[in-house]
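1. Test case, fold it:
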Amino acid sequence: MMLTLLHIPPLPINSPSSPPPRRRRCPPPMAAFASAPQQSKPLVLGCGAVSVDYLATVASFPNPDDKIRSLALKVEGGGNAGNALTGAARLGLSPRIISKASNDALGKSILKELQDDGVDTSYMTVADGGNSPFTYIIVDNQT
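-> Take a look at the predicted model:
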């Protein structure tokens, strides 16, 4: 999502005897950035959740109180910000994340996977103690 801010000054109330207002010439929007050093890839900044997803594949979705066996289990990184910035890295952009994880095994795996995918994690907070978030997802083979 791109946000563009415009300033539109109010129209002056002119009396018939007053001269017309002077018009100021504004530079094009990108002219302000012409002197800034150019990055080779655009920076994408994300702020939000990171987690570990446990994806359990089952033959069919269980009924309440049913006990079933998983056919397969995949463990992957998750969270809205983590997923979006991993996608940005795979598209060749330069992603950076602001988030928080704990200094537990899950938190370390979250950081490692993001770093391996090319996401800058230097702005992440790593908390001593606590538990990093995880999600258990049931994948139904029938549907």
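
2. tally of neighbours for Val139?
-> 15 (other Cβ atoms under 10 Å). Just so you know, the C-beta spots here come from the backbone N, C-alpha and C atoms, and that holds for glycine as well.

3. which one is it nearest to, not counting chain neighbours?
-> Spatial nearest neighbour of Val139, excluding adjacent residues (Cβ to Cβ, 6 or more residues apart in numbering): Thr57 at 4.6 Å.

4. State whether the one you found is indeed within a strand.
-> Yes: according to DSSP: H, G, I helix; E, B strand; the rest coil, the state of Thr57 is that of a strand.

5. partners of it in the sheet?
-> Ala72, Val139 (DSSP bridges).

6. which residues touch it?
-> Listed by Cβ atoms under 8 Å, 6 or more residues apart in numbering, the contact set of Thr57 reads Ser70, Leu71, Ala72, Leu73, Lys74, Val139, Asn141.

7. Show me where the protein dips below the pLDDT cut-off.
-> Residue ranges of the chain with pLDDT under 70: 1-39.
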